[in-house]
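A.B. asks: got a predicted structure here, sequence first:
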Amino acid sequence: MTAPELLVHRDQRLMAEATAARLITTVQEAQAARGSASVVLTGGRNGNGLLAALAAAPAREAIDWSRLDLWWGDERFLPAGDPDRNHTQAAAALLDAVPLEPGRVHVMPASDGPYGTDAEAAAEAYAAELAAAGGPFDVLLLGVGPDGHVASLFPGLPGVRERDRTVVAVREAPKPPPTRLSLTLPAIATARQVWLLAAGADKATAAARTLTATDPAETPAAGARGTARTLLLVDQAAAVELPPAAAAG
Ligand SMILES: O=C(O)[C@H](O)[C@@H](O)[C@H](O)[C@H](O)COP(=O)(O)O
């Protein structure tokens, strides 16, 4: 588990643009070193804001989109194409605008797909797809919720305590919709780099607890760390409760 490195940005827009630039060069370096790259996407305003900034970045062409594997950290368990699905929102923000290899876009099952409304079966299928792919993720993106949740691992719910499975079904999530699929902390911990995105005044407490909390069951973001690097990316509005030493840099 690598200690989080804190990067503070003037505002949410600059954070999205700077993080998009960082993602471009990180993917480019991974592709140069290993022939391909894998990135795990996250939903929400910060996650989709990053994708939109990436879509608008001329340097996006430095990425060989045909050699990029995309995964999701979580998904809302809804019918395919539902506007609330993270995949639907990612497609609108970026995916429809770049020449990805369809077979390398690993969408989490929808509730009208081959597993129907059986979220547990859908989770098992995605876990099997992950296992078949092997290889660690190069970058795993995680938006941080105001309660410190990441992916669909919420404080106090069973998913955050999962130690064996890589993907779980989440029910009665406090953030709608209630049924979701999520990577678990052990799956997140396989990533080379974990980038935690927390911009906005409503994230100030969660950002601080990402650094200071000791129990991931209470603050899941405190349990999300990469094997090579962990970044906590915030704007000034979310930095106001950070421990003085961390904020000083
Ligand atoms: O499916 C989801 O809702 C997301 O994956 C979720 O984990 C999100 O990243 C956080 O809730 C932060 O969302 P915001 O950036 O919108 O605050």
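C.D. replies: That came through, no problem.
A.B. asks: can you pull the phi/psi pair for residue 168?
C.D. replies: Main-chain torsions, residue 168, degrees, to the nearest 10: phi -130, psi 160.
A.B. asks: next one: the residue nearest to it when sequence neighbours are not counted from residue 182, what distance?
C.D. replies: Computed as Cβ to Cβ, 6 or more residues apart in numbering, the closest residue to residue 168 that is not its neighbour in sequence is residue 159, at 4.7 Å. In this view, the C-beta of every residue, glycine as well, is placed from N, C-alpha and C. Residue 159 is 6 Å from residue 182, where distance means Cβ to Cβ, to the nearest Å.
A.B. asks: tell me which helix or strand the spatially closest residue to residue 166 that is not a sequence neighbour sits in.
C.D. replies: Closest residue in space to residue 166, ignoring its immediate chain neighbours: residue 187 at 3.8 Å, by Cβ to Cβ, 6+ apart. Counting by DSSP states H and E, the element that carries residue 187 is helix 185-188.
A.B. asks: now do the buried residues in that helix.
C.D. replies: Across helix 185-188, burial judged by 16 or more other Cβ atoms under 10 Å covers 185, 187-188.
A.B. asks: need those residues in TSV with pLDDT and distance to residue 41, can you?
C.D. replies: Formatted as TSV, the buried residues of helix 185-188 follow (pLDDT from 0 to 100; distance: Cβ to Cβ, whole Å):
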residue	pLDDT	distance to residue 41
185	98	18
187	98	14
188	98	13
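A.B. asks: close to the ligand, is the longest helix seen in the chain?
C.D. replies: With secondary structure taken from DSSP state H, the chain has its longest helix at helix 12-34. No. Judged by Cβ under 6 Å from any ligand atom, helix 12-34 stays clear of the ligand, getting no closer than 9.4 Å.
A.B. asks: report pLDDT for residue 240.
C.D. replies: You'll see residue 240 listed with a pLDDT of 97.
A.B. asks: what segments of the protein are helices?
C.D. replies: Here the chain has its helices, by DSSP H, at 12-34, 44-56, 86-93, 119-133, 185-188, 204-212, 244-248.
A.B. asks: the residue nearest to residue 166 against residue 164, yeah?
C.D. replies: No. Between residue 187 and residue 164 no contact is recorded; they are 10.5 Å apart, counting by Cβ atoms under 8 Å.
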